[in-house]
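Colleague: Sequence first, predicted model second:
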Amino acid sequence: MKNDFLKYQAQTSPYPLGMEISHASGSYIYDTKGNAHLDFVAGVSACTLGHCHPEVVSAIKNQAEKYMHVMVYGEYAQSPATNYTKLLAENLPEPLEVTYLVNSGTEAIEGALKLARRYTGRSQIISAKTAYHGNTMGSLSLMDLEERKSVFRPLLPDIYHIRFNNEEDLEKITNKTACVILETIQGGAGFIVPQNDYLKKVKKRCTEMGALLILDEIQPGFGRTGKLFSFEHFDCVPDILVIGKGMASGLPVGAFTSSKEIMETLSENPKMGHITTFGGNPVIAASSLATLQVLLKTSLI
């Protein structure tokens, strides 16, 4: 199988590991030679409850037997997505109440950037140095790592950078700024935690300037820091919350959440300001719902 894997499947690096997977359960991956591997990767932070959690598997099976896809997201009322977004809202602080479900974390970043520009009518976006928000064109544009960006230029214009935890740089947030987007905890940079009420100070400056604060919780969200979302540690509620990875116990998913007032701007002028065929997929939403229910009713967090 490994030779076919290398021949027919596009690779992300010149030397992939190529371990041949038989099955996975709990905290272990099993290869085709019968070896058990303790899985510290966890699907790159995606397998929140381990592999094949029975409640998640049951939710997926039950939904797959009813329907797996019926319509582009946002037109039909489908109970898995509706129940999930309702439960999410019940466990988020105001005004985070309306969620747009998409297919991946990086698509959620793209949607959040579009939403911020649409709501504010501004184009300038500020992100942090050494940030990582994904690899699609908009998300890639937020990086300041030129070795990752240069071969894909031109990228999204009007992007500026500030230093994470540096209060002097907050003066760069002005009345021309649509949004500031930060990882609540910088992941790719080495797990850099906000210090000295940094996030509260960023939010205060954004509010003064009429800019929106977007917090990227794709990596630290869903219990990985001892609270459901890591911004809860820092007394700072974003205007737009971006989530993904651990939402659905390993199925492809992402979302961005905001107030009803802000989110409604994507529904008109133009209509379908963001649209996605498979976002809110009922099987994935069922998995997301089961994952969140387990997190909320157990002591795992």
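Modeller: All right, it came through fine. Note that the coordinates shown come from a computational prediction; the quantities given were computed from them, not determined experimentally.
Colleague: Poorly predicted segments of the stretch 151-300 of the chain, please.
Modeller: Nowhere does the stretch 151-300 of the chain drop to pLDDT under 70.
Colleague: all strands of it, in order?
Modeller: 159-162, 177-183, 212-216, 240-243, 254-258 (DSSP state E, counting those that start in this stretch).
Colleague: Including mean neighbour count, could those strands go into CSV?
Modeller: The C-beta positions use only the backbone N, C-alpha and C, and glycine is treated the same way. Formatted as CSV, those follow (neighbours: other Cβ atoms under 10 Å):
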stretch, mean neighbour count
strand 159-162, 18
strand 177-183, 25
strand 212-216, 27
strand 240-243, 28
strand 254-258, 28
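Colleague: I'd like those laid out as a markdown table, including distance to residue 292.
Modeller: Shown next, in a markdown table, are those (distance: least, Cβ to Cβ, whole Å):
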| stretch | distance to residue 292 |
| --- | --- |
| strand 159-162 | 33 |
| strand 177-183 | 21 |
| strand 212-216 | 18 |
| strand 240-243 | 11 |
| strand 254-258 | 11 |
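Colleague: Would you mind saying which of those strands lies nearest residue 17?
Modeller: strand 254-258 (25.3 Å; Cβ to Cβ).
Colleague: Skipping its backbone neighbours, what lies nearest the residue of the chain most remote from its centre in space?
Modeller: Within the chain, the residue lying farthest from the chain centre (Cα atoms, centre = their mean) is residue 33, at 34.6 Å. Distances taken as Cβ to Cβ, 6 or more residues apart in numbering place residue 20 nearest to residue 33, at 7.9 Å, with adjacent residues excluded.
Colleague: picking up where we left off before, between the strands of the stretch 151-300 of the chain, which one is closest to residue 265.
Modeller: strand 254-258 (9.5 Å).
Colleague: strands paired with that closest one, and their directions?
Modeller: strand 98-102 (antiparallel), strand 240-243 (antiparallel) (DSSP bridges).
Colleague: got the buried residues for the first one?
Modeller: It refers to strand 98-102. For strand 98-102, a neighbour-count test (16 or more other Cβ atoms under 10 Å) marks 98, 99, 100, 101, 102 as buried.
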